[in-house]
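In: Take a look and give me a structure for this.
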Amino acid sequence: MPSDLQLTDHPLFDFTEGASPLVIAAPHVGTYIPPDIAAKLNGTGRAVRETDFHVHRLFDFARELGATTLWATHSRYVVDLNRDPEGANLYPGKFETGLCPVSDFDRNPIYPEGHTPCAAEIEFRRDTYWRPYHTQLKTALEATVARHGKALLIDAHSIRGVIPSLFEGRLPDLNFGANSGVTLHENTLRALQDWRAKTSTYSHVLDGRFKGGYTTRHYGALSQQIQALQIEIVQDTYLDSASPHLYDARIAAPLSQTLRPLVEALVESL
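Out: As a prediction, the model looks like this:
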C-alpha cells in the first residue's frame, strides 16, 4: 500500500501490509539513485554493483504466507539502510562500508577525489532516506505485535560469494545471522537448527562471518515480542552467472522452494 512516508518523487520503498506475524525486509535491493547524487558518482558508483539484486524475489511466497513486506528502492550508495545511523561499526576491526559508502566492497572509490559526502550531506541523506524506511519498518513491527503479540523479522540480503576484502575464501550459500543467538528465542532458534540439520542441498552457517547487521541487531533487541534473523544469500545461487545482475528463475526456483519451509517453520515456532 502507498505510505505517507514517501518523501521524494521516487518512492523510497515498496510496502505491503500482511496479516501474519511475519515481516520480511530487503534494504539493499534498490538500484535507484537520485540524479543529483548520481551526478557526483563515478562510473563504479553508478554501476551499483553492491546491490542485493532481486533477493526479494526468492521470497515471492511471502504474501501467500500473509507476510508484511518492505522492499527498498534506492541504492545503498545513496544511504545504507542496514547501518547504524550514527555510523557505529558492526564488526570492529574489519573493513566495512559506512552509512553513506565511499567505496565498493573491493575498496574501489565510488566518487571522484574530493566529491565524497560531507557531514551535512550525510545528515541530509540520513533524514531523507534512512529515517523514513526505518520509521515504516518500526511501525510495521509494532502493528504486527499489536495484532499477534509477537513478530518475526527476516532481513533479506545477498552478496557475492568471494570478496577478499571482507572475508577469506568463499562464503557458504546461506548465512544466517542472529547476533550470536541473541535476536531469536529458544524455540525459533531450535526450528532454524532443525531445518539446517535436514538441509544439505545448500551450504549454510549460523553466526559466521555475518551475524546480522543493524536491522537484525536493533529490532531484535527492541522488544521481547520481536525476533529478528538476517539471511545473507550468495548471489550465484540464484542470479545469472554470465550477467550477475539478472535473476535466473531456473536456478532460483529450487532455492526459493528450500527457503519456504524454513520460513514456515520459523513462523510456526513463534
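
In: Confirm that residue 71 lies within a strand, as I assumed.
Out: Yes - Residue 71 forms part of a strand when assessed by DSSP: H, G, I helix; E, B strand; the rest coil.

In: give me the beta-bridge partners of it?
Out: When assigned by DSSP bridges, residue 71 has beta-bridge partners residue 14, residue 26.

In: Model confidence for it, exactly?
Out: What the model reports for residue 71 is a pLDDT of 98.

In: need the contact list for residue 206.
Out: By CB atoms under 8 Å, 6 or more residues apart in numbering, the contact list for residue 206 reads 176, 177, 178, 192, 193, 196. In this view, the C-beta of every residue, glycine as well, is placed from N, C-alpha and C.

In: Return a PyMOL selection command for the buried portion of those.
Out: Command for PyMOL that selects the buried part of these, burial taken from 16 or more other CB atoms under 10 Å:
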select buried, resi 176+177+178+192
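
In: The contacts of residue 206 into a markdown table, with extra columns for distance to residue 79, pLDDT and secondary structure?
Out: As requested, the contacts of residue 206 are exported to a markdown table (distance: CB to CB, whole Å; pLDDT from 0 to 100; DSSP: H, G, I helix; E, B strand; the rest coil):
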| residue | distance to residue 79 | pLDDT | secondary structure |
| --- | --- | --- | --- |
| 176 | 25 | 98 | strand |
| 177 | 21 | 98 | strand |
| 178 | 25 | 98 | coil |
| 192 | 30 | 98 | helix |
| 193 | 35 | 98 | helix |
| 196 | 33 | 97 | helix |
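
In: Mind putting the contacts of residue 206 into TSV with distance to residue 218?
Out: Listed next are the contacts of residue 206 as TSV, based on distance: CB to CB, whole Å:
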residue	distance to residue 218
176	17
177	13
178	13
192	20
193	24
196	25
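
In: which of the contacts of residue 206 lies closest to residue 28?
Out: Nearest to residue 28 among these: residue 177, at 14.1 Å, using CB to CB.

In: OK, contacts around the closest one?
Out: Going by CB under 8 Å, 6+ apart, residue 177 touches 206, 207, 210, 211, 212, 213, 216, 229, 230, 231, 232.
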